[in-house]
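In: Next comes the sequence, and after it the predicted model I'd like to discuss.
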Amino acid sequence: MNNPIPLTVCTLLLAVSNLSAATLYVALGSPNPTPPYTTWASAAANIQDAVDAALAGDLILVSNGVYQTGGRLTPGYFLTNRVLVTNPITVQSVNGPGVTVIQGRPATTNTSAIRCVYLTDGAVLTGFTLTNGATIGNSTYPQDSGGGVWCASSNTTVVSNCVLIGNSASWGGGAYQGTLTNCTLTGNSALYAGGAYYSILNNCTLTGNHGIYPSFGHGGGAYGCILNGCTLTANSSAGWGGGAYSGTLDHCTLISNSCAIYGGGGAEVATMNNCTLTGNSAIESGGGAFGCTLSNCTFTGNSARYGGGATLGPLTMNNCTVISNSAQYGGGVVSGTLNNCLLAGNTAQYGGGIYGDGGTLNNCTLSGNSATNSGGGAYDELMTNSIVFYNSAPTGANFDSAYSMLSYCCTTPMPTGGVGNISADPLFVDYAGGNLRLQTNSPCINAGDNAYVVGSTDLDGRPRIVGGTVDMGAYEFQGPGMSEFIAWLQQYGLPTDGSADYSDTDGNGMNNWQDWIAGLNPTNALSVLKMLAPAPSNNPPGLVVTWESVNTRTYYLQSSTNLAAQPAFSTIQSNIVGQASATSYTDTTARNTGPYFYRVGVGN
């Protein structure tokens, strides 16, 4: 009856046996490797020896070198790992990935298959280059995965500040699972997911990775991954999803990725939020994205046969900007539902802005798109609360009259059927300059139908309904001057949703609204409206008052000799034309010892 007591005590002792974690050391070519490797003088000569000696919670520090010896078989399989970590320990380089390399296969041969690193739950690897690792053809899924690193878990296994280059596998040439933070994955290849497979990637760069399986090489850069703040460049796939296949991408940039056969040059069947897709291409469908759900994304310069920017199918695009993409059908987009989107400057044979299959557009702006055949703006679409203006094509410059249906839209000629349409010029703030927000006197203001409103914000992220009734187009008129101010914020890369309006971005003591009023640069603290030292003048007599200025504003100057007076200041000159750099005015009333006080304001 007493047997459980010593067993319980033994269990407790095991649980607390490594309360004081140790630090172990590894130095390539160590002259006196002596277990347990707890000093540099007795450091292990290869990483695996130190890993074998470590207990849970220990730290292993690794000095410079190319580590290409040692290793262990994956438990239950016949695949060698250069480093096999089966305890939750941290393996960290001393001086980073530039000088600390774990190499899978020897540089002299590509015949053997050796993975670089295998990590168990809770293990951490930081600061290494992992190269020439390979698993392909040596076991089954999932062990034939992660040529660079195989991680037991996506959530609890961490790889940070590492470079994964030139690795290969059947699934995930660079990495399988794991949370990768601040890593670079370059030139890795796999049948599926050249870069990473089922991983979480934070602030990572994926460049030149390849999905190589003929016709089915899903995800050149990533497959089934969660990507946050990542950059995917020049990745390619033999099948679908040149940059990424499946998964979720948030605040990512996808540039020049490609798909050799099917769809999704940038990404396929993924959820994408706040992403930028530029110069991606697909042979067939969705140069930027195919079959994705998209929110607050920007598509520029992508190309495909169908849907240069995106091919949506039955899916949705919300608050997206699609500019200067090209295709044979649907230069900007093919099919889908678009809400609060801008399509401008896209080109195609049919449907310069959007093509096909009865897609739906709510509160969209289509302008400056062109088609060489029909439907410069839209072909075969159902459109409400939208502006379809200044598009071009030999027939159906703005929309094809045979298939498209419009209600509460601003377009020309007036559609047959539909209700609430107008044909007057929408009066954009600056069409030539690309500011397609509405002027104060636009006929599109309060001209839509609230029943078709989708979402609470317009394309700028500001309230979708102002004044009781929704406007036509992607942008809601927010009040006098706001269209110009929002475009100014956009020019400097600042948020347009209102969060930056009263922020002092450059720390010059003026918020962004004040910077805009003064015509300043909100990203340059030296761009400021301020008084400079006055100087006496004899011709004419008085005091020369000077202030920093711009040549796109006029100013007024006020003075005072007694700050206790009410009002203290009075205007001595208005409509002073601003000069570049600095503007001066001579106060001819300042002819004695003073005191004199001045302040300057912006006229317009």
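Out: The structure has been received and is ready for your questions.

In: can you pull the contacts of the closest residue to residue 194 other than its chain neighbours?
Out: Nearest residue to residue 194, sequence neighbours excluded (Cβ to Cβ, 6 or more residues apart in numbering): residue 209, at 3.5 Å. For glycine as for every other residue, the C-beta is placed from the backbone atoms N, C-alpha and C. Contact partners of residue 209, counting by Cβ atoms under 8 Å, 6 or more residues apart in numbering, are 173-174, 185-189, 194-195, 220-221, 235-236.

In: can you rerun that using 7 Å?
Out: 173, 174, 185, 187, 188, 189, 194, 195, 220, 221, 235 (Cβ atoms under 7 Å, 6 or more residues apart in numbering).

In: residues near the residue lying closest to residue 422 once chain neighbours are set aside, how many?
Out: Setting aside the residues directly before and after it, residue 422 is nearest to residue 410 in space (Cβ to Cβ, 6+ apart), at 5.2 Å. Residue 410: 27 surrounding residues under other Cβ atoms under 10 Å.

In: what do you get for residue 485?
Out: Counted with other Cβ under 10 Å, the neighbours of residue 485 add up to 18.

In: follow-up on the earlier one: switch the contacts of residue 209 over to JSON lines; also include secondary structure, distance to residue 430 and neighbour count.
Out: Formatted as JSON lines, the contacts of residue 209 follow (DSSP: H, G, I helix; E, B strand; the rest coil; distance: Cβ to Cβ, whole Å; neighbours: other Cβ atoms under 10 Å):
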{"residue": "173", "secondary structure": "coil", "distance to residue 430": "47", "neighbour count": "36"}
{"residue": "174", "secondary structure": "coil", "distance to residue 430": "45", "neighbour count": "40"}
{"residue": "185", "secondary structure": "strand", "distance to residue 430": "42", "neighbour count": "33"}
{"residue": "187", "secondary structure": "coil", "distance to residue 430": "44", "neighbour count": "18"}
{"residue": "188", "secondary structure": "coil", "distance to residue 430": "45", "neighbour count": "33"}
{"residue": "189", "secondary structure": "strand", "distance to residue 430": "47", "neighbour count": "25"}
{"residue": "194", "secondary structure": "coil", "distance to residue 430": "43", "neighbour count": "35"}
{"residue": "195", "secondary structure": "coil", "distance to residue 430": "41", "neighbour count": "41"}
{"residue": "220", "secondary structure": "coil", "distance to residue 430": "39", "neighbour count": "38"}
{"residue": "221", "secondary structure": "coil", "distance to residue 430": "37", "neighbour count": "40"}
{"residue": "235", "secondary structure": "coil", "distance to residue 430": "37", "neighbour count": "34"}
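
In: Just name the closest of these to residue 157, please.
Out: Among those, residue 174 lies closest to residue 157 (Cβ to Cβ), at 14.5 Å.

In: ok, so what distance separates the closest one from residue 237?
Out: According to Cβ to Cβ, to the nearest Å, residue 174 and residue 237 sit 15 Å apart.

In: what residues are up against residue 220?
Out: Taking Cβ under 7 Å, 6+ apart, we find residue 220 in contact with 194, 209, 210, 211, 235, 236, 237, 241, 242, 243, 257.

In: Skipping adjacent residues, who's closest to it in space?
Out: In this structure, residue 220 finds its nearest non-sequential neighbour in residue 235, 3.7 Å apart by Cβ to Cβ, 6+ apart.

In: Might one say that that neighbour is in contact with residue 256?
Out: No - using Cβ atoms under 7 Å as the test, residue 235 is too far from residue 256 to be in contact (8.7 Å).

In: Identify the residues contacting stretch 28-47?
Out: By Cβ under 7 Å, 6+ apart, the residues outside stretch 28-47 that reach it are 22-27, 49-50, 53, 62-63, 65, 67, 69-70, 83, 91, 102.

In: try it again with 6 Å
Out: Stretch 28-47 has contacts (Cβ atoms under 6 Å, 6 or more residues apart in numbering) with 24, 25, 26, 27, 50, 53, 65, 67, 69, 70, 83.

In: wait, isn't residue 366 in contact with residue 353?
Out: Yes - with contact defined as Cβ atoms under 6 Å, residue 366 counts as touching residue 353 (4.3 Å).

In: coming back round to it: confidence-wise, which of the contacts of residue 220 comes last?
Out: In terms of pLDDT, residue 211 ranks lowest among the contacts of residue 220, with 92.

In: That one: how many residues sit nearby?
Out: 31.

In: List the residues that contact the closest residue to it other than its chain neighbours.
Out: Spatially, and ignoring its direct neighbours in sequence, residue 211 is nearest to residue 217 (3.2 Å; Cβ to Cβ, 6+ apart). By Cβ under 6 Å, 6+ apart, the contact list for residue 217 reads 211, 237, 238, 239.

In: Can you give me the distance of the second one to residue 268?
Out: Pointing back at residue 237 there. Using Cβ to Cβ, residue 237 is found at 9 Å from residue 268.
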